[in-house]
Every structure is written in C-alpha cells, then in structure tokens.
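Chemist: Sequence and predicted model, in that order:
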Amino acid sequence: MKRKIILFGLLWGIHFLGAGAAVAQGENEDNRYCVKTVVIDAGHGGKDPGAVSGNIREKDIALRIALKTGAYIEKYLPDVKVCYTRTDDRFVELHKRAKIANEAQADLFISIHCNANKSSKPFGTETYVMGLHKSQANLEVAKKENAAILLEEDYESEYEGYDPNLPENTIIFSLFQNAFLNQSLTMASLVEDQFRERVHRHDRGVKQAGFLVLYRTTMPGILVETGFLTNPSERAFLAGEEGQTFIASAIYRAFKNYKEVQEKLNNRVSNAADLPITDALIIPEKSTPEILFTVQFLSSKTEKPLYSNEFTGIPDLGMYQHQGLFKYTTGEFTTFEEASEHRKTIITKGFSDAFIVAFHFGDRISIEEARKMTANKSKP
C-alpha cells in the first residue's frame with residue numbers, strides 16, 4: 001500500500017500534527033500561512049516574586065527580558081503582533097496567562113523565567129516544553145514554577161484539584177500539548193542554539209516537564225529558564241542591562257528562525273483540508289523532479305526528533321511513515337546512481353543496513369519501477 005511521504009529537508013523534526021489547523025487559523029488574504037501573533041509571558045509578578053537571591057528577584061528580571069524581547073520583534077518583524085501577559089509588576093494567575101494567549105489566537109507562547117537551586121554551583125540555560133517529567137531535576141523546576149498557584153484564590157477548583165507537589169497530577173495535563181509537541185521542541189531547540197552559539201551561555205538542553213502555564217494554551221509553547229539566580233556569576237549577568245539585552249536578542253533571533261521555518265513548511269501544504277492530518281503531504285516544489293531516490297537508514301516503532309544526537313552528521317534528513325513504522329531518510333536524488341554513491345557515505349557513518357528507496361510525487365514505489373520510469377524519460 002502506498003503511503004504519503006513527509007519531506008523535511010533541513011526543516012528539522014517538525015511533526016505535521018496540528019499544522020493543518022494552524023493553516024486554517026493562520027490564512028491571510030492570499031492564503032499564505034503566517035506566524036503573526038506571539039504572546040510573551042514574563043513569569044511571576046506582584047505578590048509572587050519567583051526565585052530570590054542576592055536581593056535579585058526573578059519577577060523583575062523576567063519582565064525586563066520579556067519587554068526587550070517583544071521590542072525586538074516589534075521593531076524587526078513588524079508583521080508580527082506582540083501580546084504580553086503583563087507589562088508591569090502585577091500578579092497574573094497562571095490560567096489567565098493561558099487565556100490571554102488563547103484569546104489572542106497566538107501562534108506561539110513564550111514564558112520567560114530565571115532558575116534557582118539549593119546549591120550555588122549549577123549554571124546555564126534550559127528551555128522546557130510541556131510534557132512528562134523525565135528526571136527529578138525537571139520535576140523540581142516545574143514544582144517551583146507551578147507553586148505560584150498557591151497564591152491564587154480558589155486554585156483547587158480552578159485547576160481541578162491539582163497539587164503542585166504531586167508529580168502524577170501532571171500526566172493528564174501533558175496530553176493537552178501533544179498536538180504541538182514537535183513545534184514546541186523546535187522553538188525550544190532554536191532558543192538553546194542561540195544561547196549557546198551567540199550569547200555563549202552554558203546550554204543545559206531542551207527538556208520536558210509539566211508546567212501549568214503551558215498546559216491550557218492552544219498553540220505551541222515554551223518556558224525559558226534564562227539562568228540561575230543562585231549562581232553569583234550568572235545572577236550578575238542576568239541582573240545587568242547587557243546580559244538582559246543579550247538574552248532577549250537571542251530569544252528574538254530564535255523566534256525569527258522559527259517563524260521562517262514554520263511559514264516555509266506550511267506554505268508548501270496542498271489540499272490540507274482534504275487530507276487526514278496524519279497523511280497530509282508536503283508536496284514537492286515545482287522544481288522537484290517527478291521521481292526521487294533517497295537513502296533509508298533507520299526504522300523505528302516510535303518517532304525520533306530529527307535534531308536528536310544520533311542523527312548528527314547526517315545531511316538532508318527526512319522522515320515518512322510506512323507499514324506502521326517511522327522511517328528515516330537522507331538526501332534527495334534524481335538518479336539511482338547518485339543515491340547509490342550517497343548510500344556508501346551513510347554506511348561509513350555506521351548505518352550498514354542503509355538502502356535506497358524511491359518516491360513518485362510523494363508515494364513510495366519500487367526501485368525497479370522508479371528506474372524504469374527514469375530510464376524511459378531519458379530516452380530521446
């Protein structure tokens with residue numbers, strides 16, 4: 001049975017689930033998808049100071065970075081509307097922050113925070129997406145940020161009896177963001193790339209944990225921990241004007257890259273409304289040949305993000321679903337011979353079982369059929 005292929009090229013691992021809805025919501029007059037609204041959430045505020053260390057309060061740092069980030073977006077991406085959950089030192093309930101984003105029909109939600117630890121040694125940045133706690137450290141970060149609900153009136157009713165100290169409470173909440181997980185992971189990864197490469201901060205990675213501020217948002221969302229206030233050196237960096245500017249500009253550049261990737265991806269969608277979301281096809285551009293050969297090097301029962309470490313050094317990654325498996329490819333070639341040469345290179349990278357597969361306008365076909373079709377086209 002032929003299956004549709006999702007061609008990613010260099011677009012990393014953005015899963016298409018939810019993209020069909022994004023196209024429907026994000027269409028403008030010329031039917032082109034645009035990332036046009038972002039909500040920036042400065043963590044904590046008012047009676048909730050967040051982490052406090054050396055007389056530096058998380059709520060103040062988060063607000064300054066949030067306002068700077070929004071100002072960069074407004075200046076350099078004037079087609080994007082920037083909304084804030086707060087622009088001054090006020091307390092905003094977590095569920096109201098999500099409501100602000102949902103009512104704005106935002107395309108992305110960015111929550112900005114500072115980290116803390118019982119020890120003064122930890123340092124570096126972390127960017128989170130909504131998901132299950134993968135470690136005790138992730139759980140502690142989520143508990144710290146979620147504890148803000150204890151300052152809200154009637155929080156037990158508002159959050160269906162949620163207790164921030166019970167990790168099992170988060171499992172059901174993580175399901176709300178599953179449709180946007182890979183888009184959120186993409187944005188989170190872009191943020192950490194900018195922190196590491198442009199601001200030279202220690203990159204502690206992209207992580208998942210159960211944050212209440214994310215679970216009710218109906219769009220991709222991330223929570224950025226910009227550094228540890230409990231580390232003296234990092235506290236000084238975050239408290240300074242220059243450090244805040246560097247962090248804000250990094251988040252802006254990550255957002256700019258995310259916007260470009262999303263728009264390029266979604267504007268290649270054809271007839272998305274007529275296809276099941278899981279089978280929606282990113283069609284070849286007009287310059288793409290009718291027959292494409294590629295090298296398949298891995299199959300998996302579970303989906304692997306294309307930015308994972310095991311794919312380091314593999315160019316032009318792609319993924320498609322076939323016979324109940326996620327199948328990973330590299331390269332796109334118009335001839336079997338070119339694909340065969342590329343296969344030799346992939347084998348040297350440790351994928352000894354790599355082999356060539358072929359597609360006809362996104363449908364997988366046999367190598368024999370593909371070679372026959374390309375041979376016929378080459379005849380005078």
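Modeler: Here it is on my side, so go on.
Chemist: Check which helices and strands the helix of greatest length in the chain sits against.
Modeler: For the chain, the longest helix by residue count, based on DSSP state H, is helix 241-266. Applying 3 or more Cβ pairs under 8 Å, 6 or more residues apart in numbering; DSSP states H and E, one finds that helix 241-266 makes contact with helix 19-26, helix 58-76, strand 108-115, helix 181-197, strand 221-228, helix 232-239. Quick note: C-beta positions are derived from backbone N, CA and C, even for glycine.
Chemist: Pick out the shakiest of those, pLDDT-wise.
Modeler: Mean pLDDT values for the helices and strands packed on helix 241-266 show the minimum at helix 19-26, a mean of 40.
Chemist: what residues go with each domain of the protein?
Modeler: 17-266, 282-378 (automatic domain parsing).
Chemist: now the ones you listed in CSV, with mean neighbour count?
Modeler: Listed next are these as CSV, based on neighbours: other Cβ atoms under 10 Å:
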stretch, mean neighbour count
domain 17-266, 20
domain 282-378, 16
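Chemist: Show me the shaky parts of this structure.
Modeler: Residue ranges of the chain with pLDDT under 70: 1-31, 131-179, 209-216, 268-289, 305-308, 361-362, 376-380.
Chemist: can you give me the strands in it?
Modeler: 5-6, 37-42, 52-53, 56-57, 81-84, 108-115, 125-130, 203-209, 221-228, 291-300, 317-322, 325-333, 355-360, 363-365 (DSSP state E).
Chemist: contact partners of the fourth one?
Modeler: This points to strand 56-57. 49-51, 229, 235, 238-239 (Cβ atoms under 8 Å, 6 or more residues apart in numbering).
Chemist: any idea which of those residues is closest to N309?
Modeler: Checking the contacts of strand 56-57 against N309 by Cβ to Cβ gives L238 as the nearest, at 28.6 Å.
Chemist: Please name the residues that touch that closest one.
Modeler: Counting by Cβ under 8 Å, 6+ apart, L238 has contacts 56, 61, 114, 226-227, 229, 244, 247.
Chemist: Widest-spaced pair of those?
Modeler: I56 and I247 (14.3 Å).
Chemist: ok, back up a step: same list (the helices and strands packed on helix 241-266) but as a markdown table, adding distance to N309.
Modeler: Converted to a markdown table, these look like this (distance: least, Cβ to Cβ, whole Å):
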| stretch | distance to N309 |
| --- | --- |
| helix 19-26 | 25 |
| helix 58-76 | 29 |
| strand 108-115 | 23 |
| helix 181-197 | 12 |
| strand 221-228 | 20 |
| helix 232-239 | 26 |
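Chemist: what's the closest of these to M373?
Modeler: Minimum separation from M373 across those (Cβ to Cβ) falls at helix 19-26, 30.4 Å.
Chemist: OK, contacts around F91?
Modeler: F91 touches 45-48, 151, counting by Cβ under 8 Å, 6+ apart.
Chemist: hang on, the earlier thing: I'd like to know which of the helices and strands packed on helix 241-266 is closest to L325.
Modeler: helix 181-197 (17.7 Å).
Chemist: dump the residue contacts of the nearest residue to L325 once chain neighbours are set aside.
Modeler: The shortest distance from L325 to any non-neighbouring residue, by Cβ to Cβ, 6 or more residues apart in numbering, is to S299 (4.8 Å). Going by Cβ under 8 Å, 6+ apart, S299 touches 325-328.
Chemist: do that again at 10 Å, thanks
Modeler: 322-328, 353 (Cβ atoms under 10 Å, 6 or more residues apart in numbering).
Chemist: Show me what it is bridged to.
Modeler: Beta bridges link S299 to K327, judged by DSSP bridges.
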